[in-house]
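[1] sequence unknown, structure follows:
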């Protein structure tokens, strides 16, 4: 905590790197544009169009084929990025996007990050969790995206039971180094299922949960959002749900969101004066650095801007270089931002403003 506070408050740098370790996915979630973007990048426009309805690639092998058809970062480049991040002062490594468990050498990646003294995180859709959990002894924190028992098929194109079975298996068989996190995006499709998920988490005992509302932003396709947004006639149900979640949190249910954040999204408030620049840094599978999911603008390639000697020692750190060169641009981005409701950004901002209860979920930010 002290090291992270120094990094955030004094050095004013991110404490976590979220790294896209692969480009393929075995699901076709209707609200996600990453798998579509990667198919378009591959030149498979028809596949991207045909899959936009949310149908799944139910076979993990199919997802692997998509992944291998694109240029994923090599193991050597992944290790370089971990080295650069540590040198930059970052203490947490998060493997995510598009589905990290499709990457066969993920255990070796996490082992390397741990060997460098980093806390390790992984965000997954959960479909391969039961199959691969025994390989993940070097992952400290696992986050699984969940929607609800009936909405999962429509939203993600797979069955909820596949994901829930993986969570239960990991929970009940001693595979978790820390409590597993279920992350739920609240949409118009799952308003009636969110509290069921929270009760499932409490039942397991070593599982926690976080929620955030579906938040539309300009770079996403309008068609995909139409069926998912919380409509005006659903707003009373949404407000009632948020009040119930606040009450359940007070009762001790394992919801890590701060009550301040839950009240903000209940009241439709956007998070402004964001401190994402002191929280999360993202590097995609092309090794390009990003600082915000909303603006989604690449700031520079961290490998191309780095210099290593023959032994692999860092001569010039590409993360540091890109970060310093884009200081004015990042400040302008935050100054002009209309705000958002993303859980991680909001809680980091609250934490930076010394909202004490936001620190309780710190390890997940």
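    Sure, I can see it. A quick note: this is a predicted structure, and the numbers were derived from the prediction, not measured. Numbers count the residues shown, from 1 in each chain.
[2] how about residue 244, what does it touch?
    In this structure, residue 244 makes contact with residue 195, judged by C-beta atoms under 8 Å, 6 or more residues apart in numbering. For the C-beta atoms, the positions are set from N, CA and C on the backbone; glycine is no exception.
[3] helix/strand/coil for it?
    Three-state assignment for residue 244 (DSSP: H, G, I helix; E, B strand; the rest coil): helix.
[4] What of residue 184?
    Here residue 184 is recorded as strand under three-state DSSP.
[5] Run a quick neighbour tally on it.
    22 (other C-beta atoms under 10 Å).
[6] cool, and residue 134?
    The tally of other residues near residue 134 (other C-beta under 10 Å) stands at 12.
[7] I'd like to know how far it sits from residue 354.
    Note on residue 134: its distance to residue 354, by C-beta to C-beta, to the nearest Å, is 41 Å.
[8] likewise residue 213?
    Distance of residue 213 to residue 354, computed by C-beta to C-beta: 25 Å.
[9] So between those two, which is more surrounded?
    With neighbours defined as other C-beta under 10 Å, residue 213 and residue 354 compare such that residue 213 has more, 18 against 8.
[10] Run a quick check on that one versus residue 228, I expect a contact.
    No - Residue 213 lies out of contact with residue 228 (C-beta atoms under 8 Å); the separation is 10.7 Å.
[11] Common neighbours of those two, please.
    residue 187.
[12] Grab the nearest non-local neighbour of residue 347.
    Spatial nearest neighbour of residue 347, chain neighbours left out: residue 358 (4.8 Å); criterion: C-beta to C-beta, 6 or more residues apart in numbering.
[13] That neighbour belongs to a strand?
    No - per three-state DSSP, residue 358 lies outside any strand segment and is helix.
[14] Now do the contacts for it.
    Neighbour list for residue 358: 258, 260, 261, 347, 348, 350, 351 [criterion: C-beta under 8 Å, 6+ apart].
[15] What is the helix or strand hosting the fourth one packed up against?
    Counting by DSSP states H and E, the element that carries residue 347 is helix 343-352. Judged by 3 or more C-beta pairs under 8 Å, 6 or more residues apart in numbering; DSSP states H and E, helix 343-352 is in contact with strand 207-213, helix 259-266, strand 280-283.
[16] returning to that earlier point: generate a PyMOL selection restricted to the buried subset of the contacts of residue 358.
    Of these, the buried ones go into a single PyMOL selection, burial set by 16 or more other C-beta atoms under 10 Å:
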select buried, resi 258+261+347+348+350+351
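[17] would TSV of the contacts of residue 358 with pLDDT and distance to residue 246 be doable?
    What follows is these, written out as TSV (pLDDT from 0 to 100; distance: C-beta to C-beta, whole Å):
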residue	pLDDT	distance to residue 246
258	96	10
260	95	10
261	96	10
347	91	15
348	88	20
350	90	15
351	87	19
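[18] Looking at the contacts of residue 358, which is nearest residue 303?
    Proximity of these to residue 303 (C-beta to C-beta) peaks at residue 348, which lies at 26.4 Å.
[19] how near is the closest one to residue 359?
    The gap separating residue 348 from residue 359 is 11 Å, by C-beta to C-beta.
[20] quick one: the strands in the stretch 201-350 of the chain?
    Assigned by DSSP state E, counting those that start in this stretch, the strands in the stretch 201-350 of the chain fall at 207-213, 280-283, 288-290, 300-301, 307-308, 314-316.
[21] shaky segments in this protein?
    Counting by pLDDT under 70, the chain has low-confidence residues at 1-11, 40, 42-70, 216-225, 362-365.
[22] before we move on, the earlier item: which residues touch the helix holding residue 347?
    8-9, 183, 210-212, 257-258, 260-261, 264, 271, 273-276, 278-280, 292, 340, 358-359, 361-362, 364-365.
[23] quick check: angle from it to strand 207-213?
    Counting by axes from the mean of the first three to the mean of the last three C-alpha atoms, to 10 degrees, helix 343-352 points 100 degrees away from the direction of strand 207-213.
[24] Can you give me the distance of the residue sitting furthest away from the middle of the chain to residue 86?
    Ranking residues of the chain by C-alpha distance from their mean position (C-alpha atoms, centre = their mean) puts residue 310 at the top, at 34.3 Å. The spacing between residue 310 and residue 86, counted by C-beta to C-beta, is 20 Å.
[25] do residue 72 as well
    On the measure of C-beta to C-beta, residue 72 and residue 86 end up 22 Å apart.
[26] quick revisit: can I get the strands of the stretch 201-350 of the chain in CSV including distance to residue 149?
    Shown next, in CSV, are the strands of the stretch 201-350 of the chain (distance: least, C-beta to C-beta, whole Å):
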stretch, distance to residue 149
strand 207-213, 15
strand 280-283, 31
strand 288-290, 34
strand 300-301, 42
strand 307-308, 49
strand 314-316, 48
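[27] which of the ones you listed sits most buried?
    Highest mean neighbour count among the strands of the stretch 201-350 of the chain (mean count of other C-beta atoms under 10 Å): strand 280-283, with a mean of 25.
[28] if we can go back for a sec, closest one to residue 18 among the strands of the stretch 201-350 of the chain?
    Within the strands of the stretch 201-350 of the chain, the stretch nearest residue 18 is strand 280-283; the backing value is 4.6 Å (C-beta to C-beta).
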